[in-house]
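A.B. asks: model this:
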Amino acid sequence: MRILYSLERNNLSYFTAALLFISTSLGAKNSCKSNDLCTDFVTSTNHFVAVSAPPDITLTINSIGKCDTLFLMPPATLTGICPPLSSIETRNTFTTLNTNGGNLFFTTGIFNVIYTVVDACGTFRDTTKVTVFDATPPKVICIPDHVASLNSLGEAIIDASAFDGGSTDDCNHVYFKAKRMNVPPSYSCTTSSNPLYRFDDVVRFCCNDIDSVSIPVILRVYDVFPGNGPVVDSLYRGHYGECMVMISVVDKLAPSVFCPPNITVKCGADLDSVLRLARPIIFDNCTMSSIDSTITYKLNSCGVGTVERKYTGTDRRGQSASCTQIITVLKNNSFNGLDTNYLKWPESKTIFACRVMADPSLTGTPRLRDNECDLVAINYKDEVY
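C.D. replies: As a prediction, the model looks like this:
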């Protein structure tokens with residue numbers, strides 16, 4: 001069980017107690033063997049073993065340029081120890097002591113100090129977090145004004161570190177968070193994990209930002225790791241520096257235009273219906289302005305050739321893209337006047353009379369089987385002998 005208390009800075013920030021209740025009803029094991037004192041302790045349901053580490057500590061090294069220190073860690077509070085006490089240890093990343101507290105070496109940063117107690121009933125631990133700052137905040141340098149280009153989803157997500165122009169700290173690495181100086185007044189443009197527009201690892205820009213004047217972004221540089229994700233403004237106050245970058249948001253992507261597939265038809269097909277049914281797929285990462293099309297006929301006198309339909313999409317920025325669908329018109333089987341399947345002449349006729357009018361309606365006409373695009377013409381001439 002962990003008990004938390006929060007007090008003002010330089011006092012108790014929180015207190016943790018690692019509690020182990022030992023009860024015969026939970027099947028606790030008596031490791032004390034012949035020690036009656038320990039046996040009585042283990043079988044009691046009213047006792048517990050507790051190692052309570054000191055509250056979290058924040059240190060500031062006052063000497064400018066000094067980046068490490070020795071600090072006397074206070075002892076942990078031990079309650080209900082089950083004799084005999086085998087060992088007690090206090091350690092951090094750099095030092096291990098076989099005592100309850102003592103002098104530990106620290107550099108700037110965040111460290112865990114682990115208190116470990118081993119007695120006849122088991123091993124028990126608790127931890128104190130120690131945050132160490134140097135005497136001066138980081139020296140912050142921002143990049144010049146920056147242009148953010150929106151992607152195909154209509155957004156630009158920029159890492160806070162991208163706004164850094166070479167910030168440094170006397171003792172350690174530097175860590176970056178950034179946020180818009182002002183929340184957009186009439187639209188939302190932030191990540192789902194940061195709805196309150198706090199300092200975060202990234203800053204998001206959207207299509208609505210294109211119409212804005214340059215957007216001020218605050219870069220905050222810490223000399224101690226602030227954690228991942230959004231943080232409150234007051235975190236590590238006095239141990240960070242800030243600068244500002246002006247961001248211009250632009251959309252450099254033209255719309256995406258995808259034509260219907262090219263098709264092939266035979267001469268005589270209803271091209272108007274073909275063109276009317278075909279529709280392009282057009283989208284833009286922000287807002288479309290217009291969609292236009294032009295049709296170019298490239299057919300010969302027999303109606304054979306191609307029809308080209310060009311679709312053009314234009315967005316609000318005047319950027320456009322286009323594609324062309326090609327409809328190929330093929331000729332049917334060519335007319336063959338020597339083939340009686342295509343042309344059958346009228347039979348010859350003999351008329352016994354004077355002053356006969358040899359009109360084709362009386363004498364007969366050729367019978368044709370032509371296709372729509374063959375363009376076969378018929379005329380006649382009478383020869384009188």
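A.B. asks: can you pull the contacts of residue 113?
C.D. replies: Neighbour list for residue 113: 53, 73, 90-92, 104, 127-130 [criterion: Cβ atoms under 8 Å, 6 or more residues apart in numbering]. The way it works is simple: take the backbone N, C-alpha and C, and place the C-beta from them, glycine included.
A.B. asks: just residue 244 next, same as before
C.D. replies: Residue 244 touches 142, 181, 216-219, counting by Cβ under 8 Å, 6+ apart.
A.B. asks: In TSV, list these along with neighbour count, secondary structure and distance to residue 170.
C.D. replies: Shown next, in TSV, are the contacts of residue 244 (neighbours: other Cβ atoms under 10 Å; DSSP: H, G, I helix; E, B strand; the rest coil; distance: Cβ to Cβ, whole Å):
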residue	neighbour count	secondary structure	distance to residue 170
142	21	strand	19
181	12	coil	28
216	12	strand	28
217	23	strand	26
218	19	strand	22
219	26	strand	19
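A.B. asks: hang on, the earlier thing: so which of the contacts of residue 113 are in strands?
C.D. replies: Judged by DSSP state E, strands contain the following of these: 73, 90-91, 104, 127-130.
A.B. asks: Can you lay out those residues as CSV showing pLDDT, neighbour count and distance to residue 233?
C.D. replies: Formatted as CSV, those follow (pLDDT from 0 to 100; neighbours: other Cβ atoms under 10 Å; distance: Cβ to Cβ, whole Å):
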residue, pLDDT, neighbour count, distance to residue 233
73, 96, 24, 31
90, 97, 24, 35
91, 96, 16, 35
104, 96, 21, 32
127, 97, 16, 27
128, 97, 23, 26
129, 96, 16, 21
130, 95, 20, 24
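A.B. asks: now, which of the residues you listed sits nearest residue 307?
C.D. replies: Lowest distance from residue 307 to those (Cβ to Cβ) belongs to residue 129, with 74.8 Å.
A.B. asks: Leaving out sequence neighbours, find the closest residue to that closest one.
C.D. replies: Nearest residue to residue 129, sequence neighbours excluded (Cβ to Cβ, 6 or more residues apart in numbering): residue 56, at 4.4 Å.
A.B. asks: so where do the helices sit in the chain?
C.D. replies: Using DSSP state H, the helices of the chain run over 36-43, 271-277, 360-363.
A.B. asks: Please list all residues in contact with residue 275.
C.D. replies: 295, 307, 309, 327.
A.B. asks: who wins for neighbours among these?
C.D. replies: residue 327 (21 neighbours; other Cβ atoms under 10 Å).
A.B. asks: mind listing what the residue nearest to that one when sequence neighbours are not counted touches?
C.D. replies: Spatially, and ignoring its direct neighbours in sequence, residue 327 is nearest to residue 307 (4.3 Å; Cβ to Cβ, 6+ apart). Each residue near residue 307 by Cβ under 8 Å, 6+ apart is listed here: 271, 275, 295-299, 326-327, 329.
A.B. asks: Okay, buried residues for stretch 148-165 please.
C.D. replies: The neighbour-count check on stretch 148-165 (16 or more other Cβ atoms under 10 Å) flags 148, 150, 154-156, 158, 160-161, 163-164 as buried.
A.B. asks: And stretch 164-182, by the same measure?
C.D. replies: 164, 167, 169-172, 174-180.
A.B. asks: quick one: least confident of those?
C.D. replies: Ranked by pLDDT, the buried residues of stretch 164-182 bottom out at residue 172 (75).
A.B. asks: Is it in contact with residue 110, as I believe?
C.D. replies: No - when contacts are counted by Cβ atoms under 8 Å, residue 172 is not listed as touching residue 110 (10.6 Å).
A.B. asks: anything in contact with each of those two?
C.D. replies: Contacts common to residue 172 and residue 110, judged by Cβ under 8 Å, 6+ apart, are residue 224.
A.B. asks: For residue 300, grab phi and psi.
C.D. replies: Backbone torsions of residue 300, given as degrees, to the nearest 10, read phi -80, psi -170.
A.B. asks: Just want to check the distance between it and residue 329.
C.D. replies: Distance of residue 300 to residue 329, given as Cβ to Cβ, to the nearest Å: 9 Å.
A.B. asks: I'd say the residue nearest to residue 129 and residue 126 touch.
C.D. replies: No - Residue 56 is beyond contact range of residue 126, at 11.6 Å (criterion: Cβ under 8 Å).
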